[in-house]
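Student: everything below, folded, please.
(one chain, ligands or ions: 1)
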Amino acid sequence: MEEAKCPVCASRKFFVKDEEDEFEVHDFEIVGGEVVFQESGDPAEAPRLEDGTEAYCGRCSWHGAMERLTKGQ
Ligand SMILES: [Zn+2]
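Tutor: Reported below is the predicted structural model:
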């Protein structure tokens with residue numbers, strides 16, 4: 001399976017916006033198909049990502065649903 005990456009710039013660094021505060025973002029990287037959050041702190045505080053969660057590329061203006069990254073669509 002092809003490694004998940006941004007379809008535009010091939011970056012593997014993304015972020016999602018906080019559900020309750022859209023100005024708060026959570027950075028993550030996709031490593032071996034798994035989402036790895038970059039922030040330190042309690043992993044239980046990391047946001048839950050659903051297939052439909054909107055992910056934003058950390059390098060370009062691409063954004064799309066998580067399933068497009070993790071399922072290689
Ligand atoms: Zn990108």
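Student: excluding covalently adjacent residues, which one is nearest to Glu19?
Tutor: Excluding its sequence neighbours, the residue lying closest to Glu19 (C-beta to C-beta, 6 or more residues apart in numbering) is Pro47, at 6.5 Å. Quick note: C-beta positions are derived from backbone N, CA and C, even for glycine.
Student: for Gly33, same thing?
Tutor: Gly33 sits nearest to Ala4 (C-beta to C-beta, 6+ apart), 5.9 Å away.
Student: from what I can see the one you found touches Glu34, true?
Tutor: No. Taking contacts as C-beta atoms under 8 Å, Ala4 lies outside contact range of Glu34: 9.1 Å.
Student: residues of the protein that sit close to the ion?
Tutor: 6, 8-9, 11, 57, 59-60, 62 (C-beta under 5 Å from the ion).
Student: closest to Val25 among those?
Tutor: Taking C-beta to C-beta as the measure, Val25 lies nearest Cys57 of those, at 12.1 Å.
Student: pull the contacting residues for the closest one.
Tutor: Going by C-beta atoms under 8 Å, 6 or more residues apart in numbering, Cys57 touches 6, 8-9, 11, 13-14, 63.
Student: tell me how far the longest strand seen in the chain lies from the chain's centre.
Tutor: Counting residues, the longest strand found in the chain (DSSP state E) is strand 25-31. Chain-centre distance of strand 25-31: 5 Å, with C-alpha atoms, centre = their mean, to the nearest Å.
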